[in-house]
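K.L.:
Here is my input, please return the structure:
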Amino acid sequence: MRKMALDVGDARIGIAFSDPMGIIAGSGETYKVTKDRKKDFLYLADYAKRKECDTIVIGLPLNMDGTEGDRVVKTRSFADELARFTDLTIVFQDERWSTVSAEKMLIESGVRREKRKDVVDLVAAKIILQSYLDRINK
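P.N.:
Numbers count the residues shown, from 1 in each chain. This next block holds a predicted model:
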């Protein structure tokens, strides 16, 4: 079954999906967070169900030394809240370099600054998912 990955931010959530075999990360979308948290969680849970996912992988923004800071606390809280809306397995994947790598890839690809803001979270979600898939498929 497919895996869904989330790069969770305050304003946007990057969403990526694996292929049905769980080998390659592909695109999803960049979801703009609303003021209605319940609506956001229902959307994400429904999206995962429609894509026939069995796992939701959430990027865990550890500090560079591996410790957990305020952002990790927010991300774990987000995951706990999402779990109330789905029965899918939720796991975490270290995402320390995902956004930096995504930004670098987009710059090297010639994506303009205005457009990068709209897709960096999606690309970061793909990187998070591919890291997870590589780890579990070893």
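K.L.:
rest of the way, CA atoms for contacts and neighbours
P.N.:
Noted.
K.L.:
ok, now how distant is residue 91 from residue 30?
P.N.:
Separation of residue 91 from residue 30 (CA to CA, to the nearest Å): 20 Å.
K.L.:
immediately after the lowest-mean-pLDDT helix or strand in the chain, which helix or strand?
P.N.:
One helix or strand of the chain scores below all others by mean pLDDT, DSSP states H and E: helix 98-108, with a mean of 72. Counting by DSSP states H and E, the element after helix 98-108 in chain order, helix or strand, is helix 113-136.
K.L.:
Which strands or helices does that next one pack on?
P.N.:
On a contact count with 3 or more CA pairs under 8 Å, 6 or more residues apart in numbering; DSSP states H and E, helix 113-136 meets strand 2-8, strand 12-18, strand 25-32, strand 53-60, strand 89-94, helix 98-108.
K.L.:
From residue 63, how far out is the residue of the chain most remote from its centre?
P.N.:
Ranked by distance from the centre of the chain (CA atoms, centre = their mean), the top residue is residue 110, with 23.2 Å. Separation of residue 110 from residue 63 (CA to CA) stands at 29 Å.
K.L.:
tell me the most buried of the helices and strands packed on helix 113-136?
P.N.:
Of all the helices and strands packed on helix 113-136, strand 2-8 has the most neighbours on average by mean count of other CA atoms under 10 Å, namely a mean of 28.
K.L.:
hang on, the earlier thing: so which of the helices and strands packed on helix 113-136 gets nearest residue 73?
P.N.:
Closest to residue 73 of the helices and strands packed on helix 113-136 is strand 53-60 (CA to CA; 9.4 Å).
K.L.:
Sketch out the low-pLDDT regions of this protein for me.
P.N.:
97-100, 106 (pLDDT under 70).
K.L.:
Thank you kindly, that will do.
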